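> fold the following.
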Amino acid sequence: MSRPTNKKDLLDLSQKNYSDLLAYIKSMSDEDRNREFPAGTMNRNIRDVLAHLHQWHVMMIGWYDCGIKGQKPDIPAKGYTWKTTPELNRKIRDEYKDTDLSTVLEMLEDSFAAIREIISRHTDEELFEKKKYKWTGTTSLGAYLVSATSSHYEWALKLIRKAMK
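Below is the predicted model:
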């Protein structure tokens, strides 16, 4: 499926890619689920990847909550720019390094549900009209949500598959 341009496609593709990711992980042995990735990979294991997804959900929810009130959110995070996202992603990895995989999975499930709730409460126009919300700049709320969901889950699955080879 191509990049979503309406609410139904965004909900469908985000659910499909999320489900595909979890099904792949659940099909693994416990040993593989907890195996370290090859050297040179920033996210060192599946827990790191899923914690990364969860934290980007949390940030997206924060941007949304702030922006919908007419305020300007710190995007991607306070003290970071899009150019410094590698540093932010390392900070996220370090923040969750002592959290076990089952806890991260629960957190991800909760943040995934919260993101889907945001999507569900909006119309196609509210999601995909560019410049509809001042805080999204020249793009749309939907573009942010695609990046935080379906596209991000696809990235995660590709990364995990590559690391498991």
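> buried sites along stretch 156-165?
Neighbour counts over stretch 156-165 (16 or more other Cβ atoms under 10 Å) mark Ala156, Leu157, Leu159, Ile160, Ala163 as buried. Glycine gets a C-beta too; all of them are placed from N, C-alpha and C.
> state the mean pLDDT of it.
In this model, stretch 156-165 has an average pLDDT of 96.
> residues in contact with it: which ones?
17, 20-21, 24-25, 28, 32, 35, 37-38, 41, 43, 46, 49-50, 52-53 (Cβ atoms under 8 Å, 6 or more residues apart in numbering).
> low pLDDT regions in the chain?
1 (pLDDT under 70).
> which strand or helix spans the residue of it most remote from its centre?
For the chain, the largest distance from the centre (Cα atoms, centre = their mean) belongs to Glu31, which lies 24.8 Å off. Using DSSP states H and E, Glu31 sits within helix 30-33.
> list the buried ones in that helix?
Applying 16+ other Cβ under 10 Å to helix 30-33 flags Arg33 as buried.
> for the helix ranked longest in the chain, name the packing helices and strands.
In terms of residue count, the longest helix belonging to the chain (DSSP state H) is helix 46-68. In terms of contacts (3 or more Cβ pairs under 8 Å, 6 or more residues apart in numbering; DSSP states H and E), helix 46-68 is packed against helix 85-95, helix 101-120, helix 141-148, helix 150-164.
> redo these as a markdown table? Include distance to Leu11.
Below are those laid out as a markdown table (distance: least, Cβ to Cβ, whole Å):
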| stretch | distance to Leu11 |
| --- | --- |
| helix 85-95 | 26 |
| helix 101-120 | 6 |
| helix 141-148 | 10 |
| helix 150-164 | 9 |
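> which one of those helices lies closest to Asp65?
Closest to Asp65 of the helices and strands packed on helix 46-68 is helix 101-120 (Cβ to Cβ; 9.1 Å).
> next, count neighbours for Lys132.
Neighbour count of Lys132, defined by other Cβ atoms under 10 Å: 15.
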